[in-house]
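[1] return atomic coordinates for the entry below.
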Amino acid sequence: MDLLKTAVVDIITLVSTCHALESFPSEGEEVLQRKPRNRLRRDLKRGTVAYIDTLARTRRGVVDDDLLRRCRVAAEQQMPHALSHEELLGRVMACEVGSLDGLAAARQDLWRLAHVAICLSSGMSTLRGSSVLVHARSADALAGRLRRRLRKALIAYARAALRNKASKGRLVVKAREAALDEIGSRGAIEAERLADVEAGADAALGVIRQGVTKPLLDLALDWHLHRSSTNQRSSPMPE
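    Numbers count the residues shown, from 1 in each chain. Below is the predicted model:
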């Protein structure tokens, strides 16, 4: 999964560059005036969504050099202005001290979500190869619905993370909420049903159970607990 980490770093770099453009000083650079900066930010937002969409749609069950290239090409096609100002954006990131600060949690969150999506594809590929799989069409339908939920969750997370640079801790909470809303309670049910199909086809299989169903449950618990603790810290002390 090393290349999955690379993909997530790509995504976080796009997000942090978009944030950096919000506050980069405009003196002496026409391209850094308000409208051009907003245009660059729109490019970066579209590129981020295109990258994630390509990553989440894969059914190959692995992140390889070819998928990484396709993700980057998809993003580049949405960022014509950003690509033509690549050197400038490099200066923006260099001048915006701490532009990546506070995004370690977002990077880990995106990795967890993307890892579940990749494991779903890998588990389904293995499951289809089972000689005793009875309800293949039903399993494919379940997997298709869950794959769409995970893709929408990744995109919702990224869009929430792109919205506002202020209070990055709160930004992560909002991004997690957006992702969980897209997965919903039905997502957990679909993952559990797929794990049951997997166990019924071959008790030795466990990619979906261990790589999708359990991580989704852990993720929901972790994010709900973090949200509760954040809300408690931000609440005023009782008089």
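[2] which residues does stretch 76-83 contact?
    For stretch 76-83, contacts defined as CB atoms under 8 Å, 6 or more residues apart in numbering pick out 36, 39-40, 43-44, 46-47, 49-50, 89. Placement of C-beta: from N, CA and C, glycine included.
[3] only alpha carbons, please: show that stretch as CSV.
    Output of stretch 76-83 as CSV, limited to C-alpha atoms (Å, rounded to 0.1, in the frame of the first residue of the first chain):
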residue,chain,number,x,y,z
GLU,A,76,-4.2,17.8,-14.2
GLN,A,77,-7.0,17.9,-16.8
GLN,A,78,-9.0,19.9,-14.3
MET,A,79,-6.2,22.3,-13.5
PRO,A,80,-5.1,24.1,-16.6
HIS,A,81,-4.4,27.4,-14.8
ALA,A,82,-2.7,25.8,-11.9
LEU,A,83,-0.4,23.8,-14.2
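[4] which of the contacts of stretch 76-83 fall in helices?
    Judged by DSSP state H, the contacts of stretch 76-83 include 36, 39-40, 43-44, 46-47, 49-50, 89 as members of helices.
[5] how about the secondary structure of residue 62?
    At residue 62 the chain is in coil, as set by DSSP: H, G, I helix; E, B strand; the rest coil.
[6] contact partners for it?
    Contact analysis of residue 62 by CB under 8 Å, 6+ apart lists 118, 122.
[7] C-terminal to the longest helix belonging to the chain, what's the next element?
    If you go by DSSP H, the chain has its longest helix at helix 168-201. Remark: after helix 168-201, the chain's next helix or strand is helix 207-208, criterion DSSP states H and E.
[8] for that next one, what is the average pLDDT?
    Taken as a whole, helix 207-208 has a mean pLDDT of 92.
[9] run through the neighbouring helices and strands of it.
    Packing contacts for helix 207-208, counted by 3 or more CB pairs under 8 Å, 6 or more residues apart in numbering; DSSP states H and E, involve helix 104-128, helix 168-201.
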